[in-house]
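Visitor: Next one to model:
(chains A and B)
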Amino acid sequence: MSMEEQVIVRFPPSPSGYLHIGGARTAIFNWLFAQKTGGKFILRIEDTDADRSSEESVAGILESLKWLGVTWDEGPYFQSQFIAEHVAAAEKLVKSGHAYKCYCTKEQLDEKRREAKQKKLSLQYDGTCRNLRPEEIEKKEAAGTPYTIRLKVPSGDGFVGFKDIVYGIIEKKFEDIEDFVIVRSNGKPLYILSNVVDDIRDGITHILRGQDGLANTPKQILIYKALGTQIPKFAHMSLTLDTKKAKISKRTHGELVAVRFYREHGFLPWAFVNYLVLLGWSMPDAKEIFSKEELIEAFSLEGINRANAVFDVRKDDPKFFTDPKAISINTHYLRNLPIEEIEPYIKTELEKEGIWDPEFQGSKHEWFLRTIDLIRTRFHVTTDFGAAGRCYFSDDYLIDPKPLKKNILKHEGLKEWFPLLADRLEALEAFTLEETERAIREIAEELKVKAGILINGMRTAITGQPKGPGIFDVLIAIGQHRVVERLRKAVALFE
RNA sequence: GGUCCCAUCGUCUAGUGGUCUAGGAUAUCGGCCUCUCACGCCGGAGACACGGGUUCAAACCCCGUUGGGACUACCA
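Guide: Here you go, the predicted model:
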């Protein structure tokens, strides 16, 4: 592959907050495309809006990208360092006659727009300064009148057109595009210009971005043409909407759409990437779970859907804290990945809970892995290991009041039976699945109670939970000594 | 207001004129399993927005309507 043919893509977030799922999705698609084609992925921070940009935000975005496993080959570059270049490009356009200075003030423009709106006329700039006579310009210049720079959109019946890889042929008539501002009266360039100039400098070959950029593309193409440079290929992707069909945004959705929210709530990074990729992209064969290698292999721009996708997060849903499909994919990975791969995430979780024991990776390592394997089949997120799974890793666990009432307090007899169970289990020489089961069923028969009563009572006492793995597995996992201890302590629950 | 984009089960989607009484995933409901809860297995319900064309034949092509979205700033 020659240099000219190498794919170069970029992800240009503006650092005005955390990375949200829409941005993450765009980054992932760009990254995948670069991986797939052996191309280059550039990260560029568009920080020219100083008021809204912050270093914390940059750090947060990088952190989220790293967590997702989205790696970049170049950058991060900072747009603010190239402002002079952007302005120079605009000046070049003025010299070449592709742009002109506009001396209209903001107030004048607002007034014109207001009137036009009232008369239901076009809100476009009327081109006053485009048609200024040389002597008028001289006068304004001599007076030092502040000016903006506007691109001179070709006049006439023509149109700008391009073939979007996802949306197909898009055409826009010149008359529908106004002479838009590319440099402010304070000398600062506008995004639409900076973005193009940066893309030219970075040699971007494919612009893969959200569909919200679609309507601005004809304007940008006009800039490329005026600058006389090659026009990159465009591929716009569908947007991510909320359940009310509105574009998701930090403002209205807050933490719920932040990548870090999913990190904090126990998502495995790759599971989250896998879910995000499925929002607006698919394979004809309906495959949905992909390893990283498989996804890179399978990915193609042709699989991108044109219709917007809804991120099905149901706020206040007691059962799902986010899109059920996202959870189900995470669950899938949590249950099926080799334990060693999820081990680090569980360690992090237990450390967060303050119940990490270094021996889990030392003398208790075997046990640790086995226990994870035992309990993970009914967990959905890694935080479950520190919550419902807490009783396996720490003796300091809570007894859920509901099962306490239903499985323990309701059966007065357990007050006597717990110590008995403790004694008999303590006496077992082989604390195995078979032996514990035999012992417990024996006691049930002696006592003439249903084994289920004993079992559920024990489960609640030993794990604090109303549910969990088979009780005998639980006993083995927690261990003879701790089981006996917990059963004896359970008598106090009746007080 | 103007310009543009979009439209298949609740949600994510397959589908590019006949093989669609529309497939998968997830969610949901029922059953089996069972010490609980999951898993697993089996089964159920659930969609082509509407109206016109074109065609022997339309979810697929065209037009319109409706609905949704984006863009439209001296924000990025």
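
Visitor: Report the helix or strand with the lowest average pLDDT across chain A.
Guide: helix A:250-253 (a mean of 84; mean pLDDT, DSSP states H and E).

Visitor: Tell me if that one is near RNA strand B.
Guide: No: using CB under 7 Å from any atom of the strand, helix A:250-253 stays clear of RNA strand B, coming no nearer than 10.0 Å. Every C-beta, even on glycine, is put in place using the N, C-alpha and C of the backbone.

Visitor: tell me the phi and psi of residue A:43?
Guide: Note on residue A:43: its backbone torsions stand at phi -110, psi 130 [degrees, to the nearest 10].

Visitor: Show the low-confidence segments of chain A, by residue range.
Guide: Where chain A drops to pLDDT under 70, the residues are A:1-4.

Visitor: Can you show me the strands along it?
Guide: Along chain A, the stretches classed as strands by DSSP state E are A:8-11, A:40-45, A:74-78, A:99-102, A:148-151, A:159-164, A:168-173, A:181-183, A:206-210, A:233-237, A:240-241, A:309-310.

Visitor: got those strands as JSON lines, with mean neighbour count and distance to residue A:380 columns?
Guide: Output for those, formatted as JSON lines (neighbours: other CB atoms under 10 Å; distance: least, CB to CB, whole Å):
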{"stretch": "strand A:8-11", "mean neighbour count": "25", "distance to residue A:380": "30"}
{"stretch": "strand A:40-45", "mean neighbour count": "22", "distance to residue A:380": "31"}
{"stretch": "strand A:74-78", "mean neighbour count": "16", "distance to residue A:380": "34"}
{"stretch": "strand A:99-102", "mean neighbour count": "22", "distance to residue A:380": "56"}
{"stretch": "strand A:148-151", "mean neighbour count": "24", "distance to residue A:380": "52"}
{"stretch": "strand A:159-164", "mean neighbour count": "16", "distance to residue A:380": "38"}
{"stretch": "strand A:168-173", "mean neighbour count": "13", "distance to residue A:380": "40"}
{"stretch": "strand A:181-183", "mean neighbour count": "24", "distance to residue A:380": "50"}
{"stretch": "strand A:206-210", "mean neighbour count": "22", "distance to residue A:380": "29"}
{"stretch": "strand A:233-237", "mean neighbour count": "21", "distance to residue A:380": "28"}
{"stretch": "strand A:240-241", "mean neighbour count": "20", "distance to residue A:380": "22"}
{"stretch": "strand A:309-310", "mean neighbour count": "16", "distance to residue A:380": "21"}
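
Visitor: Rebuild the ones you listed as CSV, extending it with distance to residue A:298.
Guide: Below are these laid out as CSV (distance: least, CB to CB, whole Å):
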stretch, distance to residue A:298
strand A:8-11, 18
strand A:40-45, 18
strand A:74-78, 25
strand A:99-102, 44
strand A:148-151, 40
strand A:159-164, 22
strand A:168-173, 23
strand A:181-183, 40
strand A:206-210, 17
strand A:233-237, 16
strand A:240-241, 21
strand A:309-310, 18
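
Visitor: sorry, back to before: check which residues of the least confident helix or strand of chain A are buried.
Guide: A:250, A:253 (16 or more other CB atoms under 10 Å).

Visitor: And for stretch A:218-236?
Guide: Those would be A:218-224, A:226-227, A:232, A:234-236, for stretch A:218-236 by 16+ other CB under 10 Å.

Visitor: try stretch A:252-269
Guide: Neighbour counts over stretch A:252-269 (16+ other CB under 10 Å) mark A:253, A:256-263, A:265-269 as buried.

Visitor: Ends of it, what's the gap?
Guide: 24 Å (CA to CA, to the nearest Å).

Visitor: before we move on, what about stretch A:176-193?
Guide: First-to-last residue span, stretch A:176-193, CA to CA: 19 Å.

Visitor: next one: that stretch to chain centre, how far?
Guide: 31 Å (CA atoms, centre = their mean, to the nearest Å).

Visitor: send the alpha carbons of stretch A:273-289 over as CSV?
Guide: Output of stretch A:273-289 as CSV, limited to C-alpha atoms (Å, rounded to 0.1, in the frame of the first residue of the first chain):
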residue,chain,number,x,y,z
VAL,A,273,-17.3,-1.4,23.1
ASN,A,274,-19.1,-4.4,21.7
TYR,A,275,-22.5,-2.9,22.7
LEU,A,276,-21.7,0.5,21.4
VAL,A,277,-20.6,-0.9,18.0
LEU,A,278,-24.0,-2.6,17.7
LEU,A,279,-25.7,0.7,17.9
GLY,A,280,-25.9,1.6,14.3
TRP,A,281,-23.8,-1.1,12.8
SER,A,282,-24.4,-4.8,12.1
MET,A,283,-23.3,-7.8,10.1
PRO,A,284,-25.7,-9.5,7.8
ASP,A,285,-25.1,-12.8,9.5
ALA,A,286,-26.5,-11.4,12.8
LYS,A,287,-23.4,-12.1,14.7
GLU,A,288,-23.4,-9.9,17.8
ILE,A,289,-20.6,-11.0,20.1
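
Visitor: chain center to that stretch, what's the gap?
Guide: With CA atoms, centre = their mean, you get 15 Å for stretch A:273-289.

Visitor: what does stretch A:412-421 give?
Guide: 50 Å.

Visitor: Also stretch A:125-145?
Guide: So, by CA atoms, centre = their mean, the centroid of stretch A:125-145 is 48 Å from its chain's centroid.

Visitor: Residues in contact with that stretch: which ones?
Guide: A:100-104, A:109, A:112, A:147, A:150, A:152, A:178-180 (CB atoms under 8 Å, 6 or more residues apart in numbering).

Visitor: could you pull out the helices for the stretch 101-250 of chain A?
Guide: Ranges of helices within the stretch 101-250 of chain A are A:106-118, A:134-142, A:191-201, A:217-227, A:250-253, based on DSSP state H, counting those that start in this stretch.

Visitor: quick one, the third one and strand A:40-45 angle?
Guide: Helix A:191-201 runs at 150 degrees relative to strand A:40-45, counting by axes from the mean of the first three to the mean of the last three CA atoms, to 10 degrees.

Visitor: What helices and strands are in contact with helix A:191-201?
Guide: Counting contacts by 3 or more CB pairs under 8 Å, 6 or more residues apart in numbering; DSSP states H and E, helix A:191-201 is packed against helix A:83-95, strand A:181-183, helix A:217-227.

Visitor: Include distance to residue A:433 when you put those into CSV, please.
Guide: Formatted as CSV, the helices and strands packed on helix A:191-201 follow (distance: least, CB to CB, whole Å):
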stretch, distance to residue A:433
helix A:83-95, 70
strand A:181-183, 74
helix A:217-227, 65
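
Visitor: who wins for proximity to RNA strand B among those?
Guide: RNA strand B sits nearest to strand A:181-183 of all these, at 3.8 Å, using CB to the nearest atom of the strand.

Visitor: The closest one near RNA strand B at all?
Guide: Yes: for strand A:181-183, a contact with RNA strand B is found by CB under 7 Å from any atom of the strand, at residue A:181.
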